[in-house]
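Asker: Make a model of this:
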Amino acid sequence: MLAIYKKELRSYFTSMIGWIFIAFFLVLAGLYFMVYNLINGYTDFSVIFQGMQMFFILLLVPVLTMRIIAEENRQKTDQLLYTSPVSVTKIIFGKYLALVTLLAIAMLILCVYPLILSGLVKGVATGTESVDFAIAYGSALGFFLLGSAYIAIGMFISSLTESQVIAAVASGVIMIFTYLMSSLAVMLPTGHTFVFWFLAVLVLILAFVLNMWIHNGWLSALIGIVAEAGLTAAFILNTEAFDNLLGNTLSSISIVDRYSNFALGIFDVSALIYYISVSFLFVFITIQRIKKKRWN
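Answerer: Numbers count the residues shown, from 1 in each chain. So this is what the prediction gives:
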């Protein structure tokens, strides 16, 4: 895994991809730092991450992750890589850690900004609000965890196609949905009947996707029938529990909303576990996707 990690990380700085990502990241952060902190005089450093969050999620992450596996699929070099003595798990984890390291380098540079802001604040008139380092570095930690989770999602999407463009567009669409998840939750109907039928259709779609994944129609159908029966029984026994179930679920699993406590300088252990779990989940299903392709 270490060899794959070093190879991938080295490739980002020999092909200019790493330099371009860090440059765009710092330019974007620098613009918000100048407007919010320097021009308007805000000492709250978390506004930088909140401001650049949408551009980072919808633009930088898809562009960074679109080639990580899709390019090897297109060039057919994946066949050589996945038949090497190194396990698929080590290969994927090495690739993922290289991407996370690239983000960490950009974040470490950005962590100098609160020190600069603090020095500027001390140089002005007495009584000016000081920089809260708990909020500054807490929001930085939360943003790094959020970015790591989105990188894992983008890497999984890249493994599904041979086209970098398709991978970038698909990542952007999915990340738009996750970014707007809380807003969509408010717009959805809250009635239990709508929720029931929505979940029933969702179960059918998931059963179909499972069939495409495992190519076993009988098993997929059995799982779908059992899930539909369980859903119907739960609806009959506790109908009231389905009221606003979709909205509450979308709000509770929103990736972006979990960042809010870090922006307040609060070390949220549940959010930390959540981001690590999301990252691990998508790295894991990426590994399973590659293993399935390898054996086929």
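
Asker: what stretches of this protein score poorly on pLDDT?
Answerer: Counting by pLDDT under 70, the chain shows low-confidence ranges at 75-84, 122-129, 185, 213-214, 293-296.

Asker: contacting residues for the residue nearest to the spatial centre of it?
Answerer: Centroid check for the chain by C-alpha atoms, centre = their mean gives residue 150 as the closest residue, at 1.6 Å. Shown in contact with residue 150 (C-beta atoms under 8 Å, 6 or more residues apart in numbering): 57, 61, 175, 255. In short, each C-beta sits where N, CA and C put it, glycine included.

Asker: What separation is there between it and residue 254?
Answerer: To residue 254, residue 150 is 13 Å away according to C-beta to C-beta, to the nearest Å.

Asker: next one: residue 68
Answerer: When residue 68 is compared with residue 254 (using C-beta to C-beta), they lie 25 Å apart.

Asker: neighbour-wise, which of these two wins?
Answerer: residue 68 (24 against 20; other C-beta atoms under 10 Å).

Asker: pretty sure the more buried one is in contact with residue 155, am I right?
Answerer: Yes. Using C-beta atoms under 8 Å, residue 68 is in contact with residue 155, at 5.4 Å.

Asker: For the two, list the residues in contact with both.
Answerer: 95, 99.

Asker: Neighbours of residue 152, how many?
Answerer: Residues near residue 152, counting by other C-beta under 10 Å: 24.

Asker: so it is in which element?
Answerer: helix 133-158 (DSSP states H and E).

Asker: quick check: angle from whatever helix or strand comes next after that helix to helix 133-158?
Answerer: Remark: after helix 133-158, the chain's next helix or strand is helix 164-179, criterion DSSP H and E. With axes from the mean of the first three to the mean of the last three C-alpha atoms, to 10 degrees as the basis, helix 164-179 and helix 133-158 are set at 130 degrees to each other.

Asker: Buried by neighbour count: which residues of helix 164-179 qualify?
Answerer: Within helix 164-179, the residues scored as buried using 16 or more other C-beta atoms under 10 Å are 164, 167, 168, 170, 171, 172, 174, 175, 178, 179.

Asker: mind giving me a markdown table with these and columns for distance to residue 209?
Answerer: Formatted as a markdown table, the buried residues of helix 164-179 follow (distance: C-beta to C-beta, whole Å):
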| residue | distance to residue 209 |
| --- | --- |
| 164 | 24 |
| 167 | 19 |
| 168 | 22 |
| 170 | 15 |
| 171 | 18 |
| 172 | 21 |
| 174 | 15 |
| 175 | 20 |
| 178 | 18 |
| 179 | 23 |
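
Asker: Please produce TSV containing the contacts of residue 150, extended by distance to residue 34.
Answerer: What follows is the contacts of residue 150, written out as TSV (distance: C-beta to C-beta, whole Å):
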residue	distance to residue 34
57	22
61	23
175	26
255	28
